[in-house]
Structures are given as C-alpha cells and as structure tokens.
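S.K.: Prediction below, plus the sequence it came from.
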Amino acid sequence: KMIYVLNGPNLNLLGLREPEVYGSETLDDIAAMLEDRAGELGLEIDLRQSNHEGHLIDWLHEAQGAGAKAVLLNAGAYTHTSIALYDAIRAINVPVIEVHLSNPATREDFRHVSWVGRAAQASVSGLGAGSYMAALEAAAKL
Ligand code: DQA
C-alpha cells in the first residue's frame, strides 16, 4: 500500500533553511527514515516536493486515482493561504494527514490559520522530522 508524502514550497531547502526552526535533516534524510519504517510496516512511500501550488493539487488528485492509502501533506506556507488545497483535500476520499516540522501555533500570527488543517483528517506539528514519522505511524493504522 502506497503512502504519498507531499511537500510544498521551500522544503527542498530543508537542512539549510533556518535549521534552528526546521532542524538539520534534509528532505532526503526524511525520505530515507520514512522508507525504512514504511518497509517494516509493509507500506511504500512516494515522497515528492514542489514549489508550485498546482503540482500539489495534481498530486492529491493522483493519490486518489492511484488508490493511495493516505497522504502526508506538508504544504509549507500554502497551508496558510490555499483554499484550492482545502478544496482538493475535500475532493478526494484518501485520508490526508497535515504535517509540519515546526509548530505553527507558536509562531507568527499569519501561521495560525491552516486551510489544510481544516480539511485534513489529522495534524502533526512541532516534532521536526518526527512529525513525519508520527504521521506515518498514524497512517499505517488508518
Ligand atoms: C512548515 C510551517 C509553515 O508555516 C512554513 O511556511 C513552512 C514549513 C513546517 O513544516 O513547519 O514552510 O510547514
């Protein structure tokens, strides 16, 4: 069973980007950790990153078409702006788990709205790379 792990803008810079906020792991490091654990759980990971909102929407639709078991979605700053992502999450039957490395609720006011969170089944924030790992454990049990 396939788990899509979709990552939005600026997450290609993980490891370099504000490591005091987002940690020192790169997205490749996170992919490797997820793949190891997914193997133990009998799951497969398809991890992608794009800086373009429409790609994330296309991939949510694709997850549905491909019969994915779940989507882990870190939409980056589109989390806080994108009604199109909100609509896309609601448009598919695949469960979506919102993921953030940092805890947006403890940061700037403009991060306190989450359109993704308003459509997602669940949210995991503030655990660094561990947010993805916790979301994978949850997805395995869905
Ligand atoms: C983030 C939190 C967002 O507010 C921010 O825009 C990001 C990363 C996180 O993983 O903590 O790009 O989604």
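M.R.: All right, it came through fine. Numbering: from 1, shown residues only.
S.K.: Now do the buried residues in the worst-scoring helix or strand of the chain on mean pLDDT.
M.R.: Sorting the helices and strands of the chain by mean pLDDT, DSSP states H and E puts helix 19-22 at the bottom, at a mean of 86. Using 16 or more other CB atoms under 10 Å as the test for burial, helix 19-22 gives Y22. (Each C-beta comes from the backbone N, C-alpha and C, glycine too.)
S.K.: Can you name the secondary structure element that comes next after that helix?
M.R.: helix 27-41 (DSSP states H and E).
S.K.: Which secondary structure elements does that next one sit against?
M.R.: Packing contacts for helix 27-41, counted by 3 or more CB pairs under 8 Å, 6 or more residues apart in numbering; DSSP states H and E, involve strand 2-7, strand 44-49, helix 129-140.
S.K.: one step back: how about residues contacting the least confident helix or strand of the chain?
M.R.: Defining contact as CB atoms under 8 Å, 6 or more residues apart in numbering, one finds that helix 19-22 is touched by L14, L101, S102, G128.
S.K.: and the gap between the last one and the ligand?
M.R.: With distances defined as CB to the nearest ligand atom, to the nearest Å, the gap from G128 to the ligand amounts to 9 Å.
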